[in-house]
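Asks: please work out how this folds:
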Amino acid sequence: MQPSGSEVHQGRLRSFFLGLRRHTSSGFYVAELDGLRFVAILLVFIYHLSGDVVRHNLPGVPDPASGVFVLLGRLNIGVPLFFAISGMILGLPFARYWLKNGTKVSLKRYFLRRVTRLEPPYVVAMVLFFLLKYFGHRGTIGEMLPHLAASLVYLHGLIYREFSNINSVAWSLEVEVQFYILAPLLATVFAIRNAPLRRATIGVAMLLAAIWTPWLTDLNAARLSPSIWLRHLSLAGNVQYFLAGFLLADFFLSLPPAAHRNRRWDIVTLVGWPLFMLLLLETPNVAFTALPVIILTLYVAVFYGSSSTRAFGTVWVASIGGMCYSIYLLHNYLIVLIGFVTERIGQSLPDEVRFAIQFLIMTPIVLAASISFYLLIEQPCMDSDWPSRLKNFVLIKLRNIPPAFGFPNSAP
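Replies: A predicted model of the protein is given here:
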């Protein structure tokens, strides 16, 4: 029996999204983890899109105060969702070594992998935005070059104590780099063999950090002083989310999800995410302080809930989530650039309607641009041997260059 046209289309679409799936040098791939990345990047995208809608209000129109926009203005909690995922991913190799007698982590390979995997997309994006700002007359080379240099070495927040004016979202990547550097040291907590003591140590540290510096809605306030920057735009102010990831890594190894899935965790997923949004709306201070615990609970439910695992591991969800780095680097600039044109549509309409219109217009454009960047720049860097392959490619091309001025390029 021949497949129908609909089945052929679905098959092609599935193949397309499978082609976008992340490549991992370790061979370790968990689809639902990329599903969680999808949720995180979706919340960040919605947060920045809602801010752009408000910026394009007609003169004299007050900022929206509806519950919808209050909630949208608090969805920068997508960044801590990313931090927890990073904590789990980077903690797993160290936890496997200490808890399961796994292979010792080579620090040389560990740091080299961070550089070869993450640096090329970041550098390309930052230089591209620098050029866009220059040719768009948003600053001179002399004004912007120090900020670009500081951003490229992940020190913009430390030096200027404000968001990078090359790409404002880079502040969180600076926090990630601080964690990458200290993760091997922090991960020695997995050397504690007693499981309750180990988990209590991580948990208490996570809770103390959360009480000391709960999540801040208006991160622009971090520009005010070095102490506020330290508490909110550095690893010191965000370590609790990475520690939540450490606990996830601990549970993941000690209690393998495949052997411990339970439908009761699906209830936590089904109720937990709406309840989380309600807490953000009604009791934000509680939600921001309890954020690491909330993230830990929701993530555990995704890994251990039978239906939750399948839902978050859906091919298109996981594939888009796997591209989150490219989307994160590009989305804010794309929103601003597209908004100069599209925000004129229906400016007299209610803000919620304008947001819905912009979401429908911008989402496919941002996704298409991000897919292109991902396929051209980021995905090739997922192969750990790309530097050597690039070197060989360049050498071969050089050997094939015709000899200049009649001189042969090799001896007979």
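Asks: low-confidence stretches in the protein?
Replies: Residues of the chain meeting the criterion pLDDT under 70: 1-10, 25-27, 219-224, 403-412.
Asks: can we see that at 90?
Replies: Low-confidence segments of the chain, defined by pLDDT under 90, span residues 1-30, 55-67, 158, 160-163, 216-233, 258-260, 340, 343-348, 382-412.
Asks: can you give the contact residues for the strand or helix carrying residue 296?
Replies: In this structure, residue 296 sits in helix 291-304 according to DSSP states H and E. Applying CB atoms under 8 Å, 6 or more residues apart in numbering, the contact partners of helix 291-304 are 30, 32, 35-36, 77, 80-81, 84, 88, 206-207, 209-210, 214-215, 240-241, 243-244, 247-248, 251-252, 257, 260-262, 265-266, 268-269, 272-273, 276, 279, 287, 308-309, 312. No exception for glycine: its C-beta is placed from N, CA and C like everyone else's.
Asks: what of stretch 60-76?
Replies: The set of residues external to stretch 60-76 that reach it, using CB under 8 Å, 6+ apart, is 43-44, 46-47, 50-51, 54, 57, 217, 219, 277, 280-281, 284, 351-352, 355.
Asks: and stretch 308-327, by the same measure?
Replies: For stretch 308-327, with CB under 8 Å, 6+ apart as the criterion, the contacting residues are 13-14, 17-18, 20-22, 30-32, 34-41, 45, 82, 118, 121, 257, 261, 265-266, 269, 301-303, 366-367, 370-371, 373-374, 377-378.
Asks: select only the buried ones of these in ChimeraX?
Replies: Under the burial definition 16 or more other CB atoms under 10 Å, those of the contacts of stretch 308-327 that qualify are selected in ChimeraX by:
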select :17,20,21,22,30,31,32,34,35,36,37,38,39,40,41,45,82,118,121,257,261,265,266,269,301,302,303,366,367,370,371,373,374,377,378
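Asks: among the contacts of stretch 308-327, which ones are in strands?
Replies: Among those, no residue falls in strands (DSSP state E).
Asks: for the longest helix anywhere in the chain, which helices and strands make contact with it?
Replies: With secondary structure taken from DSSP state H, the chain has its longest helix at helix 107-135. Contacts defined by 3 or more CB pairs under 8 Å, 6 or more residues apart in numbering; DSSP states H and E place helix 107-135 against helix 141-152, helix 170-186, helix 324-342, helix 379-381.
Asks: tell me the angle of that helix relative to helix 324-342?
Replies: Here the directions of helix 107-135 and helix 324-342 differ by 10 degrees (axes from the mean of the first three to the mean of the last three CA atoms, to 10 degrees).
Asks: may I see the buried residues of helix 107-135?
Replies: Across helix 107-135, burial judged by 16+ other CB under 10 Å covers 114, 116-118, 120-122, 124-126, 128-130, 133-134.
Asks: number of residues surrounding residue 364?
Replies: The local packing of residue 364 (other CB atoms under 10 Å) involves 9 other residues.
Asks: er, residue 228 actually
Replies: The burial count assigned to residue 228 is 17, neighbours taken as other CB under 10 Å.
Asks: what does residue 360 give?
Replies: 9.
Asks: equivalent analysis for residue 84, please.
Replies: Around residue 84 sit 26 other residues, with neighbours defined as other CB under 10 Å.
Asks: what sits against it?
Replies: With contact taken as CB under 8 Å, 6+ apart, residue 84 is in contact with 241, 242, 244, 245, 248, 292, 295, 296, 299.
Asks: which SS state does it fall under?
Replies: Residue 84 falls in the helix class when you classify it by DSSP: H, G, I helix; E, B strand; the rest coil.
Asks: the residue lying closest to residue 383 once chain neighbours are set aside: neighbour count?
Replies: In this structure, residue 383 finds its nearest non-sequential neighbour in residue 23, 6.1 Å apart by CB to CB, 6 or more residues apart in numbering. When counting by other CB under 10 Å, one arrives at 14 neighbours for residue 23.
Asks: residue 381 versus residue 23, what's the distance?
Replies: With distances taken as CB to CB, to the nearest Å, residue 23 is found 9 Å from residue 381.
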